[in-house]
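Q: Sequence and predicted structure below; questions after.
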Amino acid sequence: MSKKVRVRFAPSPTGGLHLGGVRTVLFNYLFAKQQSGDFIVRIEDTDQNRFVAGAEKYIFDCLQWCGLTPDESVLHGGPYEPYRQSERKEMYRQYAEQLVKDGHAYYAFDTADEIEKMRELLKTKGSNSLQYDHHVRMNMNNSLRLMPEETQQLLDADTPYVIRIKILPDEFIPFTDMIRGDISFDTNNVDDKVLLKADGMPTYHLAVVVDDYLMKITHAFRGEEWLPSAPVHILLWQYLFGLENMPQWAHLPLILKPDGNGKLSKRDGDRLGFPVYAMDWADAVTKEVTKGFKEIGFLPEAFINLLTVLGWNDGTEQEIFSMDELIAKFNIEKVHKGGAKFDFEKAKWYNHEWIKKLDVSHYADRVKNIFKSNGIAILDDNYLKKVMELVKERCTLLPDFFTQGSFFFQAPATIDITSIQPKWDEKKNMFFIELIKSWQLSTLWNAADLELSFKELAAANQLKTGELMLPLRIMLVGGKFGPGVFEIAAAIEKEATIQRIEHTLSLIE
RNA sequence: GCCGCGUUGGUCAAGAGGUUAAGACGCCUCCCUUUCACGGAGGAAUCACGGGUUCGAGUCCCGUACGUGGUACCA
């Protein structure tokens, strides 16, 4: 019997949650849920310099919006607490010390200057590598070169030090990646990475291995940028906990910028006019707000959908997937190896598809707020829902409900009379005056009857309905858009309809 | 520079040696609709290059080019 699947998302609380980050969580989550496994969120805050207040809460807010609820985390608790690495600080040291004892790691007392000098020297010698590795370590200030008593002296004198892994040359480190298949590294190209920093905090390399072990992680999904350091992690597993306990790795492809080269960054979003973060992120210092997908009007369903399908598909023609379908159909082996360029047009298409099928009751409050922030207070929820139903197929983003629906609640601010005026004449003017009279007396106020009376009146005046419907639309809506014109008239009721016709008539004169 | 990973239309992509090389976004044309959208029909556009292996290669192998990531006491 195999172990229970346990995966983790391990973000650093350093800023906004990037598209790539959300996709990493998503793949973790889908895989875990499909296998009835656990999804853990572990906060990797080992770099005190990069810590940003509020970023942790923000990450959980984003996860909640996306519907990705952790089974264990800082917020949700769990059997392997704490889930914040800074609070686990003391756990890591013993493993680092153990590695030193076993001869797999060593104390290094080199100052930043000394390391810089070493690199300069390597540069002048024309070396291909500027790394701190087996070529140079015996010339450096570390416990490998120093006599044991010298090392002890430095330690006793509280000399700052780090613990570095001792990478043996000429070793071949193969492993199987769930997405990429067999991969191998030659240890001659791997440097002696720092495991424990001078401030006593572990680096990512140590922390990820220790925590994945202690938290019984079975599958580790992370971005492709981690591939080059995988050999260090594998060695650590081998030295500390045994390869047989190591999680299976999957290195996810990157999300690339739509134009030019490189991975997608916040700057690209600013430059090209689309969000890169899941939700609005406010920089604590500059107060600058970076827009999020949520705030510009994306549905979480669409956001999840488009992100999963960027770099994965199930082999069929299906493109629209609900979370449940994704959980059922997701397959890590069908994830692409290569990075994908992000296409905001396609992203909007996904949102449009989801808006077309959205449940208006579910989004009525959200849309109500959008109207409110545009100065329209909605009093009748049922009317709002009716309007939403009428216009949703023409909305790409949630705020479009306002631009597509505001005229149901108030008279249009501007009337596009330039589209009527050129073909306007006295006959048409008379028609609308008569129309007002006729509708004034009308007792039946529904789309079908309005259309019927409109057409009968047109025929009686020997006018083509086609030439009259556009003017009517513009009178009611302000422009050339919106649902059926008689639907609109029926919805806004008699008084508003007549007022708007009269208003435009006065404008034309 | 060195190391790893990748490369099917503009973009996302199907494709596991034999296909007229799917589908979607975007673009264009037409139909529906006397608006806009939805929907429907159609169009232009692709296997990075060079060598092998094979009766046969987008699919396998090798090179090259290009892209991408790493090369921190950041994650």
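A: Okay, I see it.
Q: Just give me the neighbour total for the residue of chain A found nearest RNA strand B.
A: Nearest to RNA strand B, among the residues of chain A, is A:Gly466, at 1.6 Å (CB to the nearest atom of the strand). Quick note: C-beta positions are derived from backbone N, CA and C, even for glycine. By the criterion of other CB atoms under 10 Å, A:Gly466 has 8 neighbours.
Q: element containing it, please.
A: Using DSSP states H and E, A:Gly466 sits within helix A:465-477.
Q: Residues in contact with that helix: which ones?
A: A:407, A:412, A:415-417, A:419-420, A:423-424, A:428, A:431-432, A:454-455, A:458, A:480, A:482, A:485, A:488-489, A:492, A:497, A:500-501, A:503-504 (CB atoms under 8 Å, 6 or more residues apart in numbering).
Q: Chain A - how does it break down into domains?
A: A:88-208, A:363-405, A:411-509 (automatic domain parsing).
Q: near RNA strand B at all, the shortest one?
A: Looking back up the chat, that one is domain A:363-405. Yes - Domain A:363-405 reaches RNA strand B (CB under 7 Å from any atom of the strand) through A:393-394.
Q: for the record, mean pLDDT for that domain?
A: Mean pLDDT, computed over domain A:363-405, is 97.
Q: Residues of the stretch 151-300 of chain A that sit close to RNA strand B?
A: A:160, A:162, A:180-181, A:183-186, A:189, A:191, A:194, A:197-199, A:201, A:203-204, A:224-229, A:254, A:256, A:258, A:260-263.
Q: Of those, which belong to strands?
A: Taking DSSP state E, the ones among these that sit in strands are A:162, A:181, A:183-186, A:194, A:256.
Q: isn't A:Ile165 right up against A:Tyr107?
A: No - using CB atoms under 8 Å, A:Ile165 is not in contact with A:Tyr107; the gap is 12.0 Å.
Q: didn't A:Asn374 look like it was pressed against A:Phe409?
A: No - using CB under 8 Å as the test, A:Asn374 is too far from A:Phe409 to be in contact (9.9 Å).
Q: neighbour-wise, which of those two wins?
A: Legend: neighbour count by other CB under 10 Å for A:Asn374 and A:Phe409, higher for A:Phe409 (20 against 12).
Q: quick one, what contacts the closest residue to the more buried one other than its chain neighbours?
A: Leaving aside its sequence neighbours, A:Phe409 sits nearest to A:Ile376 (CB to CB, 6 or more residues apart in numbering; 5.1 Å). Contact partners of A:Ile376, counting by CB under 8 Å, 6+ apart, are A:402, A:406, A:409-410.
Q: Just the buried ones from those residues?
A: Buried subset of the contacts of A:Ile376 (neighbour count, 16 or more other CB atoms under 10 Å): A:402, A:406, A:409.
Q: Which pLDDT value belongs to the last one?
A: We have a pLDDT of 97 for A:Phe409.
Q: quick one: the helices in the stretch 301-450 of chain A?
A: A:323-329, A:344-356, A:360-373, A:381-391, A:400-405, A:426-441, A:447-460 (DSSP state H, counting those that start in this stretch).
Q: Equivalent analysis for the stretch 51-200 of chain A, please.
A: Going by DSSP H, counting those that start in this stretch, the stretch 51-200 of chain A shows helices at A:55-66, A:89-101, A:112-124, A:148-156.
Q: any idea which of those helices is most buried?
A: helix A:55-66 (a mean of 20; mean count of other CB atoms under 10 Å).
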